[in-house]
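Novice: give the three-dimensional model of this entry:
(chains A and B)
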Amino acid sequence: MLSKLKIKNIHLRYFRYKKNSEFKKALFFLAPSLLGISIFVLIPFVDVIRRSFFDAMNKKYVGLSNYYSILGNEAFIKAVKNTVRFLGTCIPLLLVLTLLLSLLLYKQKKHKEFLKISFLLPMSIPVASVVVLWKLLFHENGLINVLLHHFHISNINFINSGKAFYILVFTYIWKNAGYDMILWLTGLYGIDESYYEAASVDGAGRVAKFYYITLPNLLPTIFMIGVLSFINSFKVFREAYLIAGDYPNNSIYMLQHILNNWFVSLDIQKMSAAAVLTMLVFLILILLFKLLDKTQEE
Amino acid sequence: MKYKLREEIKTTLLIGLTLLVWIPLWMILSGSLMGESEIVQNVGPVFNQSKGMADWTLFPQYLTMRPFVKLLFDSPNFFIMFWNSCIQVIPILIGQLLIATPAAWGFARYEFRGKNILFFLYIILMVLPFQVTMVSSYLVLYRFKLIDTHLSIILPNIFSAFPVFIMTKFFKTIPKSLIEAAKLDGANEGYLFLKVGIPLGKSGIFSALVLGFIEYWNAIEQPITFLVRKKNLWPLSLYISSITTEKIGVAFSASVIILIPTLLIFLYGQKYLEQGIAASGLKE
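Specialist: Sure, this is the predicted structure:
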């Protein structure tokens, strides 16, 4: 009994020793990256957390007053609401549309490479090129309106009205469809073919197969695709900014816009408080994702 | 027979969908080959130059390369901005190779306490939008007196967490047995990294580079915040928004030239792009 415990102890010690020596080796490779990230991101961010509790001169501790001031700021609340509305619309829409697209492509034989390249292309088209074209298409005097005239629909101002929101959703889906398509396809090809064969023998139809085999097997991928689509959704700011500028239509005035505008007026405390809050929200969201992922696995 | 018909309908539908990509691309390309008067006439109403509605034809009425000539030989600004983009993007990618590749190897190859937490930190940094870290980055760049220099774009991006994340996933797929075998032959850790890790993780490195190029060639947020007072350092991605309305004739040809590098990288690196995307979705 005792000897068993001893052996276990030695094992543990050996393991600890190994982990320690591995840590030194790992550190050798990790050090430059860790050092850079500390200097450029981590330490400055700690400074920002501190600043969020201080006044404009960065001298006097003011408690939560910076936080109260942004939470009472109408523009900020509006921007948060818009951002949530945008994410809540475009991410589910993108996931569903690209899943449908990948299901169509999954067993496609003819022109498969051509199709894949086509759908991936928009992600490599520079923002600057997109912007000129979008103006030409969606402007009040633009080509879409020319087309609509043929159906006797009068001019719609897509860029400077609530419609801007939908243009942005469209842009996001257009740019990211290829990315998500690849992710879904990877997930689909990872499903064992034999499941489908067995289901066919049992007389399962297409819908049943999708519901009982495809969907459950894709579940682990869905979380990752969700996270990546979420990251990419913040990049639409580029298009929004280049097309509509600092102060676009109210419907697409987002978190990125207000932070950018506070930055221009060098409103450091407000920005610090907002950065800390957003960081917290992100942290909670990612932890939730991880948790969901874990429970899903079990 | 019924099956075949269904296949045909599906293929037609999918090809129809690709028009959403090809029509815009064709419009950019054909617009770049239009004469200046034609383009002004077509798009003038959109850029508040003339009244009426925009117009477009499938093909340019007169094919001409003149907008390109004008852009390349008569727009010094365009040249400067193109050069700025190169000065910013190339060092970022080289720096990432030097910094992120070993870091990814450190994550993929070794076990140590706190590794998962550290990797989680990298994931968070990767997910954060630029605007969240904008103030902190600005403050540190300001302290180092780097604001309004190329380095304000280059340095923070070299330490991006994204390439580390991608490459780690690739390095993890290298079979342990291979590494053990090399170790038995007496290879030390540095040798393992250079002679086993890098050759076998090559596609991961290329994937990170391709995705990185697309990202930094399109940089908008960083230059408008960190190069606020130095517009002469702005990259090409901001060229079109900086051209004046009298010069809309070159907007399309500029779009095409901005597009060419990414398109080439896309066509040659498509395999790596796909692998990179697929790897980003892999679970650890």
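Novice: go ahead and confirm residue A:240 touches residue A:248.
Specialist: Yes. With contacts counted by C-beta atoms under 8 Å, residue A:240 reaches residue A:248, the gap being 6.0 Å. All C-beta atoms are positioned from the backbone trio N, CA, C, and that covers glycine.
Novice: tell me which of these two has more neighbours.
Specialist: A direct count of neighbours by other C-beta atoms under 10 Å in any protein chain shown for residue A:240 and residue A:248 places residue A:240 higher, at 23 against 19.
Novice: picking up where we left off before, where do the contact lists of residue A:240 and residue A:248 overlap?
Specialist: Common contacts of residue A:240 and residue A:248 (C-beta atoms under 8 Å, 6 or more residues apart in numbering or on different chains): residue A:257.
Novice: how about the strands in the stretch 51-200 of chain A?
Specialist: Counting by DSSP state E, counting those that start in this stretch, no segments of the stretch 51-200 of chain A form strands.
Novice: which regions of it lie under the pLDDT threshold?
Specialist: When residues are selected by pLDDT under 70, none of them lie in the stretch 51-200 of chain A.
Novice: do the same with chain B
Specialist: Filtered on pLDDT under 70, chain B yields the residue ranges B:1, B:244-246, B:283-284.
Novice: longest helix of it?
Specialist: helix B:76-109 (DSSP state H).
Novice: so how far is it off the chain centroid?
Specialist: Counting by C-alpha atoms, centre = their mean, to the nearest Å, helix B:76-109 is centred 11 Å from the centre of its parent chain.
Novice: does any part of it sit near chain A?
Specialist: Yes. When contact is scored as C-beta under 8 Å from any C-beta of the partner chain, part of helix B:76-109 falls within range of chain A: B:98, B:99, B:100, B:102, B:103, B:105, B:106, B:107, B:109.
Novice: what's the local residue count around residue 206?
Specialist: No chain in the question, so chain A it is. Burial measure for residue A:206: 8 neighbouring residues, criterion other C-beta under 10 Å.
Novice: look at chain B instead
Specialist: Residue B:206 has 18 neighbours, counted by other C-beta under 10 Å.
Novice: how about it: what's its closest non-neighbour residue?
Specialist: Setting aside the residues directly before and after it, residue B:206 is nearest to residue B:272 in space (C-beta to C-beta, 6 or more residues apart in numbering or on different chains), at 4.1 Å.
Novice: and the one you found, what does it touch?
Specialist: When contacts are counted by C-beta under 8 Å, 6+ apart, residue B:272 touches B:203, B:206, B:207, B:209, B:210.
Novice: how close does the third one sit to residue B:217?
Specialist: Counting by C-beta to C-beta, to the nearest Å, the separation of residue B:207 from residue B:217 is 16 Å.
Novice: let me see the backbone angles for residue B:33.
Specialist: phi -100, psi 10 (degrees, to the nearest 10).
Novice: quick one: it and residue B:65 touch, right?
Specialist: Yes. With contact defined as C-beta under 8 Å, residue B:33 counts as touching residue B:65 (7.1 Å).
Novice: more neighbours, the two?
Specialist: A side-by-side neighbour count of residue B:33 and residue B:65, using other C-beta under 10 Å, places residue B:33 first with 20 against 11.
Novice: in which helix or strand does the residue nearest to residue B:206 reside?
Specialist: Secondary-structure element containing residue B:272, defined by DSSP states H and E: helix B:251-280.
Novice: give me the distance from that helix to the chain's centre.
Specialist: Computed by C-alpha atoms, centre = their mean, the separation of helix B:251-280 from the middle of its chain amounts to 7 Å.
Novice: could you give the number of residues near the residue lying closest to residue A:128 once chain neighbours are set aside?
Specialist: Of all residues beyond its chain neighbours, the one nearest residue A:128 is residue B:240 (4.5 Å), with distances taken as C-beta to C-beta, 6+ apart. By other C-beta under 10 Å, 24 other residues sit near residue B:240.
Novice: other residues contacting the helix or strand harbouring residue B:240?
Specialist: According to DSSP H and E, residue B:240 maps onto helix B:239-242. In this structure, residues lying in contact with helix B:239-242 by C-beta under 8 Å, 6+ apart are A:128-129, A:131-132, A:242, B:77-78, B:81, B:231, B:234, B:251, B:254-255, B:258.
Novice: just the buried ones from these, in ChimeraX syntax?
Specialist: Typed into ChimeraX, the line below selects the buried ones among these, using 16 or more other C-beta atoms under 10 Å in any protein chain shown:
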select /A:128,129,131,132,242 /B:78,81,234,251,254,255,258
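Novice: could the contacts of helix B:239-242 be laid out in JSON lines, adding distance to residue B:13?
Specialist: Rendered in JSON lines, the data for the contacts of helix B:239-242 read as follows (distance: C-beta to C-beta, whole Å):
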{"residue": "A:128", "distance to residue B:13": "32"}
{"residue": "A:129", "distance to residue B:13": "27"}
{"residue": "A:131", "distance to residue B:13": "29"}
{"residue": "A:132", "distance to residue B:13": "29"}
{"residue": "A:242", "distance to residue B:13": "32"}
{"residue": "B:77", "distance to residue B:13": "45"}
{"residue": "B:78", "distance to residue B:13": "41"}
{"residue": "B:81", "distance to residue B:13": "41"}
{"residue": "B:231", "distance to residue B:13": "47"}
{"residue": "B:234", "distance to residue B:13": "42"}
{"residue": "B:251", "distance to residue B:13": "34"}
{"residue": "B:254", "distance to residue B:13": "35"}
{"residue": "B:255", "distance to residue B:13": "29"}
{"residue": "B:258", "distance to residue B:13": "32"}
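Novice: wait, a helix at residue B:137?
Specialist: Yes. Counting by DSSP: H, G, I helix; E, B strand; the rest coil, residue B:137 falls inside a helix.
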